[in-house]
Each structure stands twice: as C-alpha cells, then as structure tokens.
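> Make a model of this:
(chains A and B)
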Amino acid sequence: MTISAALMLETVLSTKLVDVVAPATTPSTAIAPRAPSEKTAFATMPAGTVSPTTPASLATSRLNPTESHIHVQVEQAPSLVTIMLPAGLVVAGWFIVNKTQANRERRKQLREAVGDLQESLSELEKVAISYHSAARLPALEREIVSKLGRFEKACSAIPRYVNSQRFWRACPPASVEVDARSIQQLRKAITLNHFADEHTGALDDQDELIQEIDLAATVVQERLEDVRIAALD
Amino acid sequence: MTANELVRVNVAKQFSKLPGARYIRLGPNSGELFRKQFLLEPLREGKTVIVELDGVRGYGSSFLEEAFGGAVRELNLDVEDALRRLKIETRIESWRLDVDEYIRTAKDNRNPAAA
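I've put the predicted structure just below:
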C-alpha cells in the first residue's frame, strides 16, 4: 500500500489504527510531514518493531527485517451522530425560539382581548345602571340583552386562545377561564329583576339593585384582571 | 313515552335569534311563548328535551327563568326529574348555570306578576 493511499484512507476510515507495511528502503521522510498537533500521526518505526497498539495479526511483520512497519493512525470521518447532533440542536433551538415568540404573541392578543372585554363590561354596567335609574326604555332593554350576550360569548371564547394549542400552551388553560358564576351573577343582577315589565320606575342610585349590579360588575372586572395578569409575559 | 325519548330544540333555528322578555303580553319571542311551544308538551309526555341555546343575540335572565323555571312550575315537576329531562347545550357556561339555577329554584320563584 502506498503512502498516498494511506493518506486517502485518512479521510474515510475510522480512528482505529491502520498498520501500513512499507519496504524498509522507503525513507520515512517520504511521508508528508505533519504538524505534531495534528491528530493523525505518522510514525516510522525501525524494522522489526511492533507498535504497542499494533494488532497481533501484524506481529509477524517484525520477523521480516526488510520491511518497516509504518503505523498510521487515520482520523475517523465524522459519524452520523456527530453530523446530525449539531443540526438537530440548531433545529431544536429554532423551534424553541419560534414557539416562544408565537406564545408571546398569543398572550399579547389575549391581553388585548381581555382589555376589550373590560371596556365592554364598563359600558354594559353604565347602560344597565342608566336603564334601571330612569323611566323604562324598551330600546335600552334590547341593547342591554344584546351587549350582555356579546360579552358572555366573548368571555366564553377567551379559553380558546390556549385550548386551540395542542402542546406548549401560552398559558395554563385554567388560568384564562373567566369565572362563569360571576358572569351569571352579573346577568341576574341586570336582567332578572326590575327588567322589562317589572320596571316600575327609576331607582335611586343607592337602591339595592343598583348596588348589586355595581358589585357584580366589579367581581367580573376582577376575574378579567386575573386573566390579564395570567397572560403577562 | 319515556325519558329515553329525546326531543331536540334549537332556539335560534326553531324559535328566534332574538329572544324577548318574560311574558307573551310584553312582546314577541318571550320566555312564556317558548315554554308553551317547545317545552310543555314533550315534558308532559315524559320525554327528555335537549335545548340548544347558542346562536342567539342573547338572553335576559327573565326569559330563561320564565321558560325553564316556568315549565317546572306549570307541570309541577320534581326538581331532580326536571334536571334529568331538561338538558342544556351551550358553549356559554353562564347560560347553563342560569338555567340550572332557575330549575332548582323554580318553586321558590313564583312570580305574582305572571300573566
């Protein structure tokens, strides 16, 4: 085997030691000099000697004084693992960054939606109190029912911001649920009594019903704030 | 007839997308009208009624109370029986809670203003 062939082997074979048998007359300097720091080491050994790492199968070469036993260590080509690991880490890193950014954007959307709900609730509370505090206005009844319906639908849609994610959700689903019981109390306060035909005239702003609406709206605002905080980065 | 027989009612498709007030005399699409048109007969026959609430503009509590609580009162249903045979389907949990409460408290809520 020639030296050049041995060099070619360097690029394709594993790190196991390769023993090359060369004629004794071949000067060791014929081998391309390499820096000591290089991993691949070439060594010319006196004829008849065997490298400690030489496989036993080649030990017979020491019996032939005409041959010099060249011990060549060839660097192993990168294995599949060493190629794929960095690539896999790059892909995993990209995925993590991408998913983190997507979740951050989702939480931002969620906070905006909750902010809109808080404004809607303030408006609903204002309309409801003005309805109960004045003479009956059927048009206002329809408006209240409509606003209340839209508000309830929007609240029930909030958990879908995270429930639509299969894994690695932007927030824990339970943390973005607007308490249905508090919304029910709000709807009861506004539309169960003194509503429609039961509207007997303007209520005083200190009336129990007005206070009840105020309290129920405050509780829902607090629940919405809990959701908004849960969606902070 | 048994409770195993199901009657499905979709409020938005079969009644109105704009449910109204409590009583018929107060305007169209009232809770009282809904009760008479869709709830009383199947419940009287021992059927189970599944009511789909979604798809409407919204409900006043007075509509829901008169429709469901009113059915319990009118037929003098046992609360457990009513809860078993009046089933609500909706994505809005507060509506389900509302109906559930009106069924449970129906007999305490007899309204003297009833038509």
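> and stretch B:24-43, is it in reach of chain A?
Yes - residues of stretch B:24-43 contacting chain A under C-beta under 8 Å from any C-beta of the partner chain: B:Arg25, B:Leu26, B:Gly27. Backbone N, C-alpha and C define where each C-beta goes, glycine included.
> so can I have JSON lines of those residues showing distance to B:Arg91?
Formatted as JSON lines, the residues of stretch B:24-43 next to chain A follow (distance: C-beta to C-beta, whole Å):
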{"residue": "B:Arg25", "distance to B:Arg91": "32"}
{"residue": "B:Leu26", "distance to B:Arg91": "28"}
{"residue": "B:Gly27", "distance to B:Arg91": "27"}
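> Serialize those residues to TSV and add fields for pLDDT and neighbour count.
Shown next, in TSV, are those (pLDDT from 0 to 100; neighbours: other C-beta atoms under 10 Å in any protein chain shown):
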residue	pLDDT	neighbour count
B:Arg25	88	10
B:Leu26	84	18
B:Gly27	85	16
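> for those, which one is nearest chain A?
Set against chain A, the nearest of the residues of stretch B:24-43 next to chain A by C-beta to the nearest C-beta is B:Leu26 (5.0 Å).
> give the contact list for the residue lying closest to that closest one once chain neighbours are set aside.
Of all residues beyond its chain neighbours, the one nearest B:Leu26 is A:Asp197 (5.0 Å), with distances taken as C-beta to C-beta, 6 or more residues apart in numbering or on different chains. Neighbour list for A:Asp197: B:Ala21, B:Arg22, B:Tyr23, B:Arg25, B:Leu26, B:Ala113 [criterion: C-beta atoms under 8 Å, 6 or more residues apart in numbering or on different chains].
> how about a cut-off of 7 Å?
A:Asp197 is in contact with B:Ala21, B:Arg22, B:Tyr23, B:Leu26, B:Ala113, counting by C-beta atoms under 7 Å, 6 or more residues apart in numbering or on different chains.
> need the helices for chain B, in chain order.
Here chain B has its helices, by DSSP state H, at B:31-34, B:40-44, B:61-64, B:70-75, B:79-85, B:93-104.
> Figure out which of the ones you listed is closest to A:Ser182.
The closest of the helices of chain B to A:Ser182 is helix B:93-104. By C-beta to C-beta, the value is 8.5 Å.
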